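Enquirer: Structure for the following, please:
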Amino acid sequence: METILYKTELQSVIAGIEWNEGADFGVGVNAIDGSIMAKSILPFGVTKPGSIDTRESYTSIESEEDFEQMIDTKNNVEGTIAGVNIKAGAEYTKKVKFSKHSLTIIAEYKMRQNAYAQEKDNNYALNDRAAALLNESPDKFRKTYGDYFVAGIKSESSFIAMYACTSNTKSELNRFKASAGVSNPGMLKADSANEFETSLKSNNIRMEIHVFMNGVDAERCPCSAPWTAEKVIKALQWFKEHQSPRPTFMKLQHYNTIDPSFSRESDIEPAIFIRLKKLFRKQQILDREFNSFPILYTNPYSSFFQDFINGTNANKANMVQDPALLRHYEQMADEMADKLKPIQDRYDFFLEHKDNMSEIDNKHQSAEKGKGVWGPWGITAASNPNVGMRVHRDQFRKDSAFAKKQKHEFTSPSGEWLITGWKVISNWTDGSNGGWEKKGGQVIGSSDYRIFVESQTTRGCHWTVEIYYVNKNDYKFE
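Expert: Numbering: from 1, shown residues only. Model prediction:
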């Protein structure tokens, strides 16, 4: 095990710590992993928490930067470097979608006490057993009661509706963003919700809604999935009538505030906590990415991914004490990111492909003098090797035949292609090469093509068709 050379001085008071199951007034908290320890404080009178503030807010997640800012905001805790600030992401963060063709709007309605319920004079005292153990051995005391105790509790109820919006093209999404005002769409209000749904339909946007409630028994709600904007409004009204704020945040005080002889120093290098925060931040990012791709592509890595998620969650305290173990999970995170990158690269290319579907109509084209190339249509180049683009070149050359036209139809040799681009080349540019015509349906986005070429009467011809494609089995994103 590596030798730790530095120590961390823990804060005297930490507010805004997310509630842990089993917490209560006066129980201990381990600073390393946030676990709940034995109760150490004598019972005390609690102040009334004060008034309740209500807040309605909207957050639009349109990029990786937006998502990272969201999780940084959620994970931010006032003035602490302790391990209690290091936690896995909320369940709803896995549902966030964003890309060139999608975005997620998070609408939140919260009712929160504006002050902590706590001992009014800040007069806390250890119970007899805890005081005796502290006097006997601070180390034994820490192992039993932790570093902090719960001095205050703040309650909250929340209603979160997530609207994952997906378009067929980037232009459709841009039109929707302009018309819906996604930075503050107000869809938790009936009139705005109707306008929002109208904008969805007019811009050909598909929507998936997820609802999360805290402070109420959500199973009693008369509305349930599959959600619509209208059902969300009804569910919110029911929530407002039935909610009761529940403990959501803790205010912790270090035992040093009761007995100054109990040191606030921890034998943990400060850089370890910083690395841990980065690791759990990356865990949340990878968790969303892994769950956003089709199982077809992530399934080969499922076991590795679960080992990473379960291992980081179970070994938070161990990683603080063992930098080598921390480095192991940091390397696992990097390896998982490397495994997902080719999938992400292909998905990004797939969206670019969807934005470049336009091609020539089915109409005869004559090989005029000086014209040698028609197209290209779609995408015919991809520098990223993870995309896996290939090109198929097919030629037809035939000498002249008296009083006859030479004719040929180029067709696809494989049903495993996803065609992303194509062009037609007249290898003779003197105006004598005849003409060509696209037959059948759309070429881009399909596996098939039919390109008909012919010569002039009693003339030969020389035509080339270039088809650019990827393996369609690597692009099943819809």
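
Enquirer: now the helices: where do they sit in the stretch 1-150 of the chain?
Expert: Using DSSP state H, counting those that start in this stretch, the helices of the stretch 1-150 of the chain run over 64-75, 128-136, 138-145.

Enquirer: how about these, which one is nearest E409?
Expert: Distance to E409, taken as Cβ to Cβ, is lowest for helix 64-75 among the helices of the stretch 1-150 of the chain, at 45.8 Å. Glycine gets a C-beta too; all of them are placed from N, C-alpha and C.

Enquirer: Now do the closest one: which elements does it pack against?
Expert: Helix 64-75 sits against strand 52-61, helix 270-292, with contacts defined as 3 or more Cβ pairs under 8 Å, 6 or more residues apart in numbering; DSSP states H and E.

Enquirer: before we move on, the earlier item: same list, the helices of the stretch 1-150 of the chain, but as TSV with mean neighbour count, mean pLDDT and distance to N184 please.
Expert: Below are those laid out as TSV (neighbours: other Cβ atoms under 10 Å; pLDDT from 0 to 100; distance: least, Cβ to Cβ, whole Å):
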stretch	mean neighbour count	mean pLDDT	distance to N184
helix 64-75	15	84	15
helix 128-136	15	96	50
helix 138-145	16	95	46
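
Enquirer: of those helices, which approaches A403 most closely?
Expert: helix 64-75 (65.0 Å).

Enquirer: Next, the angle strand 52-61 makes with that closest one.
Expert: In terms of direction (axes from the mean of the first three to the mean of the last three Cα atoms, to 10 degrees), helix 64-75 departs from strand 52-61 by 160 degrees.

Enquirer: Between helix 270-292 and helix 64-75, find me the angle.
Expert: Computed by the same axes, to 10 degrees, the angle between helix 64-75 and helix 270-292 is 120 degrees.

Enquirer: Can I get helix 64-75 in CSV, CA atoms only?
Expert: Provided in CSV are the C-alpha atoms of helix 64-75 (Å, rounded to 0.1, in the frame of the first residue of the first chain):
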residue,chain,number,x,y,z
GLU,A,64,-21.9,17.0,-22.8
GLU,A,65,-21.0,20.4,-21.3
ASP,A,66,-24.6,21.0,-20.1
PHE,A,67,-24.8,17.5,-18.6
GLU,A,68,-21.5,17.9,-16.8
GLN,A,69,-22.6,21.3,-15.4
MET,A,70,-25.8,19.7,-14.2
ILE,A,71,-24.1,16.9,-12.3
ASP,A,72,-21.5,19.4,-10.9
THR,A,73,-24.3,21.6,-9.6
LYS,A,74,-26.1,18.6,-8.1
ASN,A,75,-23.0,17.3,-6.5
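
Enquirer: Just the element for I425, please.
Expert: I425 is part of strand 417-426, with elements assigned from DSSP states H and E.

Enquirer: List the strands paired with that strand, with their directions.
Expert: strand 373-378 (antiparallel), strand 461-471 (antiparallel) (DSSP bridges).

Enquirer: Can you name the element that comes right after that strand?
Expert: Heading C-terminal from strand 417-426 (DSSP H and E), you reach strand 435-439.

Enquirer: quick one on the thing from earlier: quick one: closest of the strands paired with strand 417-426 to T93.
Expert: Of these, nearest to T93 by Cβ to Cβ is strand 461-471, at 30.8 Å.

Enquirer: model confidence over that closest one, on average?
Expert: With pLDDT averaged residue by residue, strand 461-471 scores 98.

Enquirer: Pull out the buried residues from it.
Expert: By neighbour count on 16 or more other Cβ atoms under 10 Å, the buried set for strand 461-471 is 461-470.

Enquirer: swap in stretch 55-62?
Expert: 58-62.

Enquirer: out of these, which one sits closest to L200?
Expert: Distances from L200 to those, taken by Cβ to Cβ, are shortest for S60, at 14.6 Å.

Enquirer: For the closest residue to the closest one other than its chain neighbours, give me the pLDDT.
Expert: Distances taken as Cβ to Cβ, 6 or more residues apart in numbering place V182 nearest to S60, at 4.5 Å, with adjacent residues excluded. Here, the pLDDT recorded for V182 equals 72.

Enquirer: repeat for V84
Expert: 45.

Enquirer: distance of the residue sitting furthest away from the middle of the chain from G434?
Expert: Here the chain reaches farthest from its C-alpha mean at F402, the gap being 66.0 Å by Cα atoms, centre = their mean. Taking Cβ to Cβ, to the nearest Å as the measure, F402 falls 16 Å from G434.

Enquirer: what bits of the stretch 51-200 of the chain have low per-residue confidence?
Expert: The model of the stretch 51-200 of the chain has pLDDT under 70 over residues 75-90, 183.

Enquirer: Show me how this protein divides into domains.
Expert: 8-268, 270-355, 365-474 (automatic domain parsing).

Enquirer: Given the strand ranked longest in the chain, what are its sheet partners and their directions?
Expert: Longest strand of the chain, by residue count under DSSP state E: strand 148-166. The pairing partners recorded for strand 148-166 under DSSP bridges are strand 27-29 (antiparallel), strand 102-113 (antiparallel), strand 117-118 (antiparallel), strand 206-214 (antiparallel), strand 246-254 (antiparallel).

Enquirer: Just give me how far the first one sits from the chain centre.
Expert: Using Cα atoms, centre = their mean, to the nearest Å, the mean C-alpha position of strand 27-29 is found 33 Å from that of the whole chain.

Enquirer: The shortest one too?
Expert: Going by Cα atoms, centre = their mean, the spacing between the C-alpha centre of strand 117-118 and its chain's C-alpha centre is 36 Å.

Enquirer: Now do the same contact list for S40.
Expert: 26-28, 126-127, 130, 145, 149, 255 (Cβ atoms under 8 Å, 6 or more residues apart in numbering).

Enquirer: so what's the residue nearest the centre of the chain up against?
Expert: Residue closest to the average C-alpha location in the chain (Cα atoms, centre = their mean): R288, at 3.8 Å. With contacts defined as Cβ under 8 Å, 6+ apart, R288 is in contact with 67, 89, 93-94, 96.

Enquirer: Check this structure for its longest helix and report it.
Expert: helix 323-354 (DSSP state H).

Enquirer: Packed most tightly, which of the helices and strands packed on helix 64-75 would that be?
Expert: helix 270-292 (a mean of 19; mean count of other Cβ atoms under 10 Å).

Enquirer: could you give the angle of that helix to helix 323-354?
Expert: 40 degrees.

Enquirer: helices or strands up against the next helix or strand after helix 270-292?
Expert: Using DSSP H and E, the helix or strand that follows helix 270-292 in sequence is helix 295-298. Helix 295-298 sits against helix 323-354, with contacts defined as 3+ Cβ pairs under 8 Å, 6+ apart.

Enquirer: which helices and strands sit right next to the helix it packs on?
Expert: helix 270-292, helix 295-298, helix 302-314, helix 316-321.

Enquirer: contacting residues for the closest residue to K423 other than its chain neighbours?
Expert: Distances taken as Cβ to Cβ, 6+ apart place G375 nearest to K423, at 3.1 Å, with adjacent residues excluded. Shown in contact with G375 (Cβ under 8 Å, 6+ apart): 359-360, 421-424.

Enquirer: Check M111 too.
Expert: 52-54, 156-158, 215, 243, 245.

Enquirer: For it, list each beta-bridge partner.
Expert: According to DSSP bridges, beta-bridge pairing links M111 with T54, S157.

Enquirer: Cool, thanks, signing off.
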